[in-house]
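> pasting the sequence and the predicted model now:
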Amino acid sequence: MSYAPAADSVLQILLLLARQATPVPAGLISATLGIPRSTTYRLLGVLVEQGLAVYLPEERRYGVGVVAYEIGSAYQRQVPLRRVAQPILSRLVVQAQENAHLAVLHGQDV
């Protein structure tokens, strides 16, 4: 038994998000981990505030955040950033009637 159940729940959420190929709804997180729905939303809110998770309002789903993205490997880092940037770039393309491209620099290029 853990002496810090909230910390355990947060880490379980982060691990679940990291294992998913795509963002997931809060209900799935709650059901999979057995965490009450209201607690899940509160913990996700904290994770989003800290940048460890991201909420995608267009999809109503949660994924790995930018801070967690920085902690991950180079290959895995591009997926969360692409998911966050895609709706923004899509709106930009429509409004500007131009093409858009997202490039992620790393290493000595930064």
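Happy to help now that I have it.
> can you pull out the helices in this structure?
Applying DSSP state H to the chain gives helices spanning 5-19, 26-33, 37-49, 66-71, 74-96.
> how close does Q50 get to L14?
Remark: distance between Q50 and L14 (CB to CB, to the nearest Å) = 11 Å. The way it works is simple: take the backbone N, C-alpha and C, and place the C-beta from them, glycine included.
> actually E98, not the one I typed
37 Å.
> ok, now which residue in the chain is the farthest from the centroid?
In the chain, Q97 marks the outermost C-alpha relative to the chain mean, sitting 28.6 Å out by CA atoms, centre = their mean.
> tell me the contacts of G65?
When contacts are counted by CB atoms under 8 Å, 6 or more residues apart in numbering, G65 touches L47, V48, Q50, G51, L52, A53, V54, P80.
> need the helix or strand of the protein with the lowest average pLDDT.
Least confident helix or strand, the chain: helix 66-71 with a mean of 61, by mean pLDDT, DSSP states H and E.
> hmm, L16 and V24 touching each other?
Yes: using CB atoms under 8 Å, V24 is in contact with L16, at 7.5 Å.
> show me the shaky parts of the protein.
1, 67-78, 106-110 (pLDDT under 70).
> look up how far I29 lies from the residue farthest from the centre of the chain.
38 Å.
> what does Q50 give?
Applying CB to CB to Q50 and I29 gives a distance of 17 Å.
> who has more neighbours, these two?
Each of Q50 and I29 has its neighbours counted (other CB atoms under 10 Å); I29 has more, 24 against 12.
> how far away is that one from Q95?
I29 is 33 Å from Q95, by CB to CB.
> ok, S2 next?
Relative to Q95, and taking CB to CB, S2 is found at 49 Å.
> then P23?
For P23 relative to Q95 (CB to CB), the value is 25 Å.
> who has more neighbours, these two?
Between P23 and Q95, counted using other CB under 10 Å, P23 has the larger neighbour count: 20 against 8.
> that one touches Y62, doesn't it?
Yes: assessed by CB under 8 Å, P23 is found in contact with Y62 at 5.7 Å.
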